[in-house]
Structures are given as structure tokens and as C-alpha cells.
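> Take this sequence and fold it.
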Amino acid sequence: MPSPRIKHVRVQHVDQSIWGHLAEREKTLPLVTPMDEYGQFKQERGSWFWDSGAAVVEIETDDGIVGTGWCEDGCCTIKPIIDNHLSRLLLDQNPLEVEGLWERMFRATIPYGRKGIALMAISAIDIALWDLAGRALGKPVYELLGGPVRSSIPVYASALHPVDPQKVRQEAETYVEAGYTAMKARFPCGPGDGPAGMIRNEEHIRNIREAIGPGVDLMADAYMGWNLHYAVRMCRRLEKYDLAWVEEPLLPDDLAGYAKLRRETPIPISAGEHEYTRWGFQQIIDAEALDILQPDLRRCGGFTEAKKIAALAVSAGLTLIPHAYGITHLHFVAATPCCPMAEHFPLPCWDAPPGGDFEPTFLGEPEPSGGSVVLSDEPGLGGVTINPKLLAAT
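Residues are numbered from 1 along each chain as shown. Predicted structure coming up:
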């Protein structure tokens, strides 16, 4: 029987983020960012962030099987990269040869790639290839990755923006009632806010810890908004709140700073959502910069590369917890022993979903119940699709 061949590679841009409602809400919610030192961009993330967007990649074989993948695409750059370059490395190739296809795409994009947009494009293609393989073989992606290592996937509630303290307290209590055993907050302040900002950061964490008690894991995200001196001082203030980790306190390339911070605090330090490929994560490991690796499969290179990153994590004795919610990460966590849980973005009890013409980005995506998710055994990525209303609008 002849091997299948890739017949079509289609790319569509949609004017909505793969993060759904969170992307739009977070543009106006308070949180520290790497732009806080510039006053005109301090108040809202939306003042400097790119327009929301996603790229949807469909790969179709000569026997009519279609696999779908996706990535961020706020600057509308993914389609030209794939149409003008990567598609020529895919057409008439065997879609099941995911390793070889990944290597060729990576090597061909080295002059302008290695990280960033080029890797996002490769990631979306790789996700589509794994979805296609699952559909062709009649197996869910988590089985192709080696089979499930857990029957359900624990998820942590990732929200708790520093709004009104009473609202935050109520939100945290609601997550405990819903069965979450871990949750993550956002810090409000960075170095530009001075000593008063450090007090605000600590008050935010204390408020949540008092609401949830000692039996629930609590984490907090600084989204690249601190420097080393500030992070050391802030972590020392936070040690008494028994944080499970502090996330992305420094810029991604400041590995020396991360390594120094780890030596200064017993709080585990996590990052990695803005890192790419096994080589980037190997540098993190070599620098002893992090306790927890947080790759995003829609950025770091898809399933093919994430498997290698997980192998590095195991060899180094590190935990891996993917960045952000999504069916890709659920399948990966289901099949990867060093991944104890996944991130989830619940809508806070004090907020309302976006109104008007807002549509969900994905259809068929499983929702947590009691703080965990159970995946179906449907082929590929389990019937999860991009909302056709968004595609029709392009």
C-alpha cells in the first residue's frame, strides 16, 4: 500500500486569539509586565500588546484526511512564512514522517528562525501533522505519544488578577469550591512602583492565601516584569506564604539572573513559555536557572519538539508544566509522566464573558470538572475544531 502524501497546505488568519476570552479581558486587567518601566505603557497591557490573532493550519493528504493545528498570529506573519517557504518542504511528502519534516523545516528556517515567529509556524504545522496521524491511524494523539499515564488531568485555576481584594477573595474561594487544588495569581507591581508596590504585591498574595487556607497550592506570575534585585527582595517577603512557584519574574534571556534568584530563595522558580526548541531549554538546564519548565507547544516546536524537551526535563530532575490551556497540552500532559498538571483559564465569578459578537475560538474543547479533565478516545485531537464562524469571517 502506498504511503499517504501531503496534497494541500492551507493557512488562515483569524482575528481572535487562541486564548479566547482571556486575551481580550487581560488587555485591561491589572498585572505587571515587562513594559511597566515605560509610563505610557504601564497601566494596561492592551496599550502595547499586538492585536489578537491566530493562524489555523490545515494539512490534507491525497486520500482526503485533514489534520489541523494552530498558533498565535497577532501580526499576521504565519501565513506568508508557510505559503512562501515551509509548504514547499511539505507538499508530496509522507505526513507520518513527523521527525524528518520537523528537522527539514527547522534547518531551512535557520537564517531567519531558530526562535520566535518561524518556530510558531513550525509548531502549528507539527500539531496539524500529529492530528492528521491520529485521524489516519484511528487513535488519539495521546496514544501516539506513548499512551496515557493518568486517567484524568489535574488542572490549576489561572486568573486572580489584582482587582478589588474582596472580589479576589471571593474568586479564590470559588475555585476551591469547584475542586481546584491549585491556583495562580498575577502580581500587580514591579520595580517602578517602589516600596509601596512591594506591599501591594504581598497584600494580594496574603489575601488569597487567607481565603484558600494552607491546603491549596498557590502560585503567582510576574510576567517578565521584575529585575533580579527586586525579585530577590520580593521573594523573601513572600516565602511565608508557601508559594508553589513564582513565574517568569525576569526576562527570558536572563538565565544568569534566574540562576542567582534560585540560590537566594526556597520558592521554586518557573518560566519557559517564551523559550523555543530543545536547545533553548538545554541552556536553561545547563544554567540551573529554573525548577519548573513551562514550554508552550504552540511556540516551542509542537509535539515533536516538546517530547525532546520533556526528556531533557526528566534527565535533569525537573518538572514540566505546559503554559496555558488547550487540547494540545491536555494530550501532552496525559502522556508525559513529568507533567503533573495543566493550566486552565476559568472565568472569574466577578466577571462576565465578552458580549456582542464574541465567539469561542475552539469548539468541542473539554472543560474541567472537579479540578480535572478527562479526554475522549476520539482520533487525533479529539474532535476539537476552530470555530467555523471565525474562519468564515476571514
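> gap between stretch 371-380 and the chain center?
18 Å (CA atoms, centre = their mean, to the nearest Å).
> now stretch 78-90
Distance, stretch centre to chain centre, for stretch 78-90: 24 Å (CA atoms, centre = their mean).
> measure the nearest residue to E367 once chain neighbours are set aside to G179 for me?
Leaving aside its sequence neighbours, E367 sits nearest to V373 (CB to CB, 6 or more residues apart in numbering; 7.4 Å). No exception for glycine: its C-beta is placed from N, CA and C like everyone else's. V373 is 12 Å from G179, where distance means CB to CB, to the nearest Å.
> ok, now I321?
For I321 relative to G179 (CB to CB), the value is 18 Å.
> neighbour count winner among those two?
I321 (24 against 14; other CB atoms under 10 Å).
> Pull the number of nearby residues for D357.
Counted with other CB under 10 Å, residues neighbouring D357 total 7.
> show me where pLDDT drops low in the protein?
1, 355-356, 394 (pLDDT under 70).
> Tell me how it divides into domains.
Listed by automatic domain parsing, the domain ranges of the chain are 6-138+388-392, 144-373.
> Just put those in JSON lines and tack on distance to G382.
Shown next, in JSON lines, are the domains of the chain (distance: least, CB to CB, whole Å):
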{"stretch": "domain 6-138+388-392", "distance to G382": "9"}
{"stretch": "domain 144-373", "distance to G382": "6"}
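> For G380, which of those is the nearest?
domain 6-138+388-392 (3.5 Å; CB to CB).
> Do you have the strands of the stretch 201-350 of the chain handy? List them.
With strands called from DSSP state E, counting those that start in this stretch, the stretch 201-350 of the chain shows them at 217-221, 243-247, 269-271, 292-293, 319-320, 342-344.
> Provide a list of residues in contact with the nearest residue to A335 once chain neighbours are set aside.
Residue nearest to A335 in three dimensions, not counting chain neighbours: L145, with 3.8 Å by CB to CB, 6+ apart. The neighbours of L145, taking CB atoms under 8 Å, 6 or more residues apart in numbering as the test, are F303, K307, H331, F332, A334, A335, T336.
> Most widely separated two among these?
Within the contacts of L145, two members stand farthest from each other by CB to CB: K307 and A334, at 13.3 Å.
> So for those two, which residue has more residues nearby?
Neighbours were counted for K307 and for A334 using other CB under 10 Å; A334 has more, 25 against 17.
> Please verify my assumption that that one contacts E143.
No. Using CB atoms under 8 Å, A334 is not in contact with E143, being 9.3 Å away.
> first vs last residue of stretch 43-58, how far apart are they?
End-to-end distance for stretch 43-58, by CA to CA, to the nearest Å: 38 Å.
> Now that stretch: buried residues?
Residues of stretch 43-58 classed as buried by neighbour count (16 or more other CB atoms under 10 Å): R45, G46, S52, G53, A54, A55, V56, V57, E58.
> how about the nearest residue to the first one once chain neighbours are set aside, what does it touch?
Spatially, and ignoring its direct neighbours in sequence, R45 is nearest to K27 (5.2 Å; CB to CB, 6+ apart). With contact taken as CB under 8 Å, 6+ apart, K27 is in contact with E44, R45, G46, F49.
> any idea how far the closest residue to G20 other than its chain neighbours lies from Y276?
Nearest non-adjacent residue to G20, counting by CB to CB, 6+ apart: T361, 4.6 Å away. Remark: distance between T361 and Y276 (CB to CB) = 23 Å.
> E248 too?
15 Å.
> Same check on S17?
Applying CB to CB to S17 and Y276 gives a distance of 19 Å.
> higher neighbour count, the two?
Y276 (25 against 21).
> pretty sure that one is touching A118, no?
No. Look at Y276 against A118 with CB under 8 Å: they stay out of range, at 9.1 Å.
> which residues sit in contact with G69?
56-57, 59, 123-131, 302.
> can you give me the helices in the chain?
Applying DSSP state H to the chain gives helices spanning 21-26, 78-84, 98-108, 117-137, 141-144, 165-177, 194-212, 228-238, 255-264, 277-286, 297-300, 302-316, 327-334, 388-392.
> Packed most tightly, which of those helices would that be?
Ranked by mean neighbour count under mean count of other CB atoms under 10 Å, the helices of the chain are led by helix 297-300, which reaches a mean of 28.
> tell me which residues form a beta bridge with the residue nearest to L390 when sequence neighbours are not counted?
Among residues not flanking L390 along the chain, V14 sits closest, at 4.4 Å (CB to CB, 6+ apart). Bridge pairing for V14 (DSSP bridges) gives the partners A54.
> mind checking how far V14 is from V333?
Going from V14 to V333 by CB to CB gives 26 Å.
> so how far is stretch 368-381 from its chain's centroid?
For stretch 368-381, the distance to the chain centre is 18 Å (CA atoms, centre = their mean).
> cool, stretch 336-347 as well?
So, by CA atoms, centre = their mean, the centroid of stretch 336-347 is 10 Å from its chain's centroid.
> same deal with stretch 206-219?
So, by CA atoms, centre = their mean, the centroid of stretch 206-219 is 23 Å from its chain's centroid.
> Please verify my assumption that V14 contacts A393.
Yes. With contacts counted by CB under 8 Å, V14 reaches A393, the gap being 7.2 Å.
> before we move on, the earlier item: could you pull up the residues touching the residue nearest to E367?
S152, I153, V155, L330, A342, H344, P366, E367.
> next one: L363
V384, T385, I386, N387, P388.
> so the first one touches T361, yeah?
Just to be clear, that refers to V384. No. Counting by CB under 8 Å, V384 does not reach T361; the two are 10.3 Å apart.
> between the two, what contacts are shared?
Between them, V384 and T361 share no contacting residue, judged by CB under 8 Å, 6+ apart.
> What separation do you get for the residue lying closest to P268 once chain neighbours are set aside and A222?
Ranked by CB to CB, 6+ apart and with sequence neighbours excluded, the top spatial neighbour of P268 is D291, at 3.8 Å. Using CB to CB, D291 is found at 15 Å from A222.
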